[in-house]
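Asker: Give me coordinates for this.
(one chain, ligands or ions: 2)
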Amino acid sequence: MELLIGPFSELLSFEGLSLKGALSDEELIIQKEAGVWVKDGKVLKTGPFHDLSMEAIAQNVRISHLVTPMVVLPGFVDAHTHICFGGSRARDYAMRNAGKSYLEIARSGGGIWDSVQQTRKASKKELIADIKNRAQRHLKNGITTIEVKSGYGLNQEQELKMLEAIKEANEETDAHLISTCLAAHIFPKDFDGEKEVYLEYILSDLLPELKIQKLSNRVDIFIEDTAFEEAMSKDFLLKAKGQGFDLTVHADQFHPGGSQIAVEVGARSADHLEASRDKEVELLAKSNTIPVVLPGASMGLGEPFGPARKLLDGGASLAIASDWNPGSAPMGQLLTQAAVLGTYEKLSTAETLSALTFRAAAALGLSDRGRLVGGMLADMVAFPVGDHREILYHQGSLKPTMVWKDGKLC
Ligand code: NIG
Ligand code: FE
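Answerer: Ligands and ions are numbered 1, 2, ... in the order given. Presented below is the predicted three-dimensional model:
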C-alpha cells in the first residue's frame, strides 16, 4: 500500500535532534506545506507536498488531500502505564485529599494491595476489555505506542493472567502495546516467605514462563523501602538481565536511591524521579539510562514534579509518560500532563514534544519510531491547527483529528 498524505501546514520530523540534553525551539526543523509518502506502513519520505504530488501522479500513487490546516508529528509514545487493572481507588484519592497519609490509607484497606484484590477478581476477558478501552482513549489522543505493566497480580497465575490480557488486547487494538512484568511491584501480603524469596520465585517460576509464552521481555521493580530495598532489587535486576530481559525501574519516587541502581544495572529507563537530587541527576546524565518523569503521578499524589529542567541542563535525556494507574495517576491524559509539566519546569516546545516522541521511544529501546523520517514506522498524529505551538498551548484540550498507526488511519 502506497499513499501520499498532505499538504500539512507544518510537519515536525524531529530529524537531527539529539537524544540527550537541552533543546531550543530554534533546533526544531519545521517543514511547511509538506507531504508524507507512506509505503507498507512506513514513511518512505517527506518533503514539499507540491513536488511529492507531481511524483505521485506520475507513478499513479494515491493521494489523500487535506483541505484544512493541520500540523503533523510522530505518534506519541507513552513509555510507562499500568492500564491493566480492575476496579477503582476513588476512595484513596478522596482520603488523600482529606489529609490521610499513605500508611493510614494502606492500613484501612487501600493502596496498591487494594488494586491487587480488585484485579485478581476480574476475569481475563474483563481486563482485556478495560485495556482496549483505555488504549483506544490514548489512541484518540495521538498515542500510538503504549507500555503496559502487570503488577496487580503478584503471583504466578495472576501475573500471567494480566500479561496474557495485555498480549490479547494488543492483538485487538490499533495501538501497539508493549508489556512489562512488574511482579516486583510490592511484596504480596499473602506470600509465604520473605521478600528475597518472593523475588527468587519471580526469577525461577514466572520469568522463564514469560519467555516461553512470549508474554514480555521487560522487567520492572519498585525500589522503595515500602516495596523492595536497594540491594535486593539490584540483585533481582541483574539476574533478570542475565535471563535476557530489558530493565526499567520505578526509581526515586519518595526517596532517592533507585535511579542509581537503574544506572548501575544498565536499565533502559529510570522512571518517577520526584525525589531525585543533584547527585542522581548527574548519574543519569552520564548514563545511557533514559530518565522518565511522570507528572500524572505528581498531580495525583500532590508530590513535586521530577526535575525535568535540571536533567536536561545536566545533559540527560528526558521522556514524559502518564503512569496511568488506578492509584497515583488516575487521569491518564498524557498531553495535558506534559503541557503542565512544561509550564512549571520551563521546558521548550522542542523538549516537551521530544519527550513524547523519539526520546520516549528510546526509553522503550525502540529505534523504529518517534521521528518522521524515511524508514520509520508511519505512526503519526495530526492536529487541526496551522502552528505547532497551539498543541501544548491548549494543554491537552485540543484533540487530534487524524491518527495513523503503521500508515493506517485509526
Ligand atoms: O507508578 N509507585 C508504584 N506504582 C505506581 C502506583 C500504582 C498504584 O498506586 O496503584 C506508580 O505510581
Ligand atoms: Fe508506575
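Asker: Which strands or helices does the lowest-mean-pLDDT helix or strand in the chain pack on?
Answerer: Lowest on mean pLDDT, DSSP states H and E among the helices and strands of the chain sits helix 102-107, with a mean of 83. Counting by 3 or more CB pairs under 8 Å, 6 or more residues apart in numbering; DSSP states H and E, the packing neighbours recorded for helix 102-107 are helix 90-97. C-beta coordinates here come from the backbone N, C-alpha and C atoms, glycine included.
Asker: and the residue in the stretch 301-410 of the chain that ligand 1 sits nearest to, how many neighbours?
Answerer: Nearest to ligand 1, among the residues of the stretch 301-410 of the chain, is Gly327, at 2.2 Å (CB to the nearest ligand atom). If you count neighbours by other CB atoms under 10 Å, Gly327 ends up with 23.
Asker: Leaving out chain neighbours, which residue sits closest to it?
Answerer: Arg89 (4.9 Å; CB to CB, 6 or more residues apart in numbering).
Asker: now swap in Glu230 and tell me
Answerer: Gly257 (5.1 Å).
Asker: which residues does Lys149 bridge with?
Answerer: Thr180 (DSSP bridges).
Asker: related to what we said a few turns ago, enumerate every residue touching the residue of the stretch 301-410 of the chain closest to ligand 1.
Answerer: 89, 92, 111-112, 115, 300 (CB atoms under 8 Å, 6 or more residues apart in numbering).
Asker: Pretty sure Pro326 is one of the things the residue nearest to Gly327 touches, is it not?
Answerer: Yes - the pair Arg89 / Pro326 is scored as a contact, 4.6 Å apart, by CB atoms under 8 Å.
Asker: and Asp130, backbone torsions?
Answerer: With angles defined as degrees, to the nearest 10, Asp130 sits at phi -70, psi -40.
Asker: Sorry, wrong one. I was asking about Tyr152.
Answerer: According to degrees, to the nearest 10, Tyr152 has phi -120, psi 20.
Asker: again, but for Thr46
Answerer: Dihedral angles for Thr46 - degrees, to the nearest 10 - are phi -130, psi 160.
Asker: how about the helices in the stretch 301-410 of the chain?
Answerer: 308-313, 334-345, 349-355, 358-363, 389-393 (DSSP state H, counting those that start in this stretch).
Asker: which of the ones you listed is buried the deepest?
Answerer: Greatest average neighbour count among the helices of the stretch 301-410 of the chain goes to helix 358-363 (a mean of 27), per mean count of other CB atoms under 10 Å.
Asker: And it, what does it pack against?
Answerer: strand 76-78, strand 290-293, strand 319-320.
Asker: do that again at 6 Å, thanks
Answerer: Here helix 358-363 touches strand 290-293, strand 319-320, going by 3 or more CB pairs under 6 Å, 6 or more residues apart in numbering; DSSP states H and E.
Asker: I'd like to know which of these is closest to Ser269.
Answerer: strand 290-293 (4.6 Å; CB to CB).
Asker: Could you tell me how far the closest one lies from the centre of the chain?
Answerer: Relative to its parent chain, strand 290-293 has a centroid offset of 10 Å by CA atoms, centre = their mean, to the nearest Å.
Asker: now stretch 120-128
Answerer: That offset, for stretch 120-128, works out to 23 Å (CA atoms, centre = their mean).
Asker: if you average pLDDT over it, what comes out?
Answerer: Here stretch 120-128 scores 98 as its mean pLDDT.
Asker: gap between the two ends of that stretch?
Answerer: For stretch 120-128, the first-to-last residue distance is 13 Å (CA to CA, to the nearest Å).
Asker: Next, the residues that contact it from outside, please.
Answerer: 84, 86, 158, 161, 165, 168-169 (CB atoms under 6 Å, 6 or more residues apart in numbering).
Asker: that older thread, just name the most buried of the helices and strands packed on helix 358-363.
Answerer: The stretch of the helices and strands packed on helix 358-363 with the highest mean neighbour count (mean count of other CB under 10 Å) is strand 319-320, at a mean of 32.
Asker: and Leu19, which of the helices of the stretch 301-410 of the chain is closest to it?
Answerer: Using CB to CB, those put helix 358-363 closest to Leu19, at 5.8 Å.
Asker: On the three-state scheme, the nearest residue to Thr173 once chain neighbours are set aside is what?
Answerer: Sequence neighbours aside, Ala135 is the residue nearest to Thr173 in space, at 4.6 Å (criterion: CB to CB, 6+ apart). Per DSSP: H, G, I helix; E, B strand; the rest coil, the secondary structure class of Ala135 is helix.
Asker: And for Ala135, the neighbour number?
Answerer: 25.
Asker: Close to ligand 1: what parts of the stretch 1-150 of the chain are there?
Answerer: Counting by CB under 6 Å from any ligand atom, the residues of the stretch 1-150 of the chain close to ligand 1 are 82, 112, 115.
Asker: which parts of the strand or helix carrying the last one are buried?
Answerer: So the one you mean is Ser115. Element membership of Ser115, judged by DSSP states H and E, is helix 112-121. For helix 112-121, the neighbour count (16 or more other CB atoms under 10 Å) marks 112-116, 118-120 as buried.
Asker: now do stretch 363-383
Answerer: Under 16+ other CB under 10 Å, the buried positions of stretch 363-383 are 363-364, 366, 369-372, 376-383.
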